[in-house]
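> sharing a model that was predicted from the sequence below.
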Amino acid sequence: MEPAGKCAVVTGGNSGLGRATAQWLEAVGADVISLDLSGEAPEGVRFIACDVSDFAAVEAAVAAIEGPIHILANCAGIGGIGPIATAEGPGDMAAFRHVVEVNLLGAAHATAAVATRMIGNAPEGEDGERGVIINACSIASFEGQEGMGAYTASKAGLAGLTLVWARDLSRHGIRVNGIAPGFMATPMVAMLPDDFVAELLGDAEFPKRAGRPDEFAEVVDFVIHTPLLNGEVIRLDAATRPPARTKWSMD
Ligand code: NAD
């Protein structure tokens, strides 16, 4: 699909990977809307305040967008860390639930609301394509480290749903793919101590550096432009395979 002149919705479009994606799509001529909790959208991008964990709010936000929507990037997300149980007692189940509600149900809410709109689009091109959806997964979709239960539940779920949603929506000419980044330099990870970041980056093969948000946006662009790519989760991680635990988590 050619994004120029299309309407693209980016959840979490005010920060980090979503922001870079919104900026990229705006720069190539798309009409971009950021659905985010707070903050400011990039220049040229419309902002609709919305908590993706609230389906009614997502439906209202999507209803406020006029006309066809062709692209959805599910980038809204939060971190979260904590063991499932310790000698002191069970892990924080309210925190666990919140991470899953934002990262997993949030993406499901946006996909349900936007895909409903996409189904009404006129088919385009030789394949009759109507829309493209991209999920921000994670290397934790595949190798969750110690203490990353809630985040891993949300991201493994999202990776698994990528193929299911591709299957659900194939009859309507809508493709669904995921991108699974390793460590990316965004506000989400900015508070991590330098020695911890150095350890995480040490798990990468090559290059041993943090990814940049624009590198994520470039893969989004590739996915949008590549019709045969469907139901796939693409790792963007410099061949990082995280070990069970970090020195930090053993402290
Ligand atoms: P970020 O914190 O910079 O941006 C996340 C955005 O999501 C923020 O604008 C935030 O306001 C928004 N958001 C959070 N909760 C929301 C809610 N309930 N409703 C609407 N918006 C909400 O983070 P990022 O690093 O850019 O992460 C983007 C996505 O990429 C996340 O899903 C994250 O899990 C994933 N990811 C990040 C990394 C990384 O290393 N940074 C690695 C793998 C995957």
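Great, that's in hand.

> the residue in the stretch 51-200 of the chain that the ligand sits nearest to and residue 155, how far apart?
Nearest residue of the stretch 51-200 of the chain to the ligand: residue 77, at 2.1 Å (Cβ to the nearest ligand atom). (Each C-beta comes from the backbone N, C-alpha and C, glycine too.) For residue 77, the distance to residue 155 (Cβ to Cβ, to the nearest Å) stands at 8 Å.

> who touches both of these two?
Common contact partners of residue 77 and residue 155 (Cβ atoms under 8 Å, 6 or more residues apart in numbering): residue 103.

> hmm, back to that, so how many other residues sit close to the residue of the stretch 51-200 of the chain closest to the ligand?
Neighbours of residue 77 under the rule other Cβ atoms under 10 Å: 26.

> tell me the contacts of it?
Taking Cβ under 8 Å, 6+ apart, we find residue 77 in contact with 12, 102-103, 106, 136, 154, 188.

> which of the residues you listed fall in strands?
Counted as lying in strands by DSSP state E, out of these, are residue 136.

> could you dump the contacts of residue 77 to CSV with pLDDT?
Supplementary listing: the contacts of residue 77 in CSV, determined by pLDDT from 0 to 100:
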residue, pLDDT
12, 98
102, 98
103, 98
106, 99
136, 99
154, 98
188, 93
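
> also near the ligand: which of the contacts of residue 77, exactly?
12, 102-103, 106, 136, 188 (Cβ under 6 Å from any ligand atom).

> low-confidence ranges in the chain?
250-251 (pLDDT under 70).
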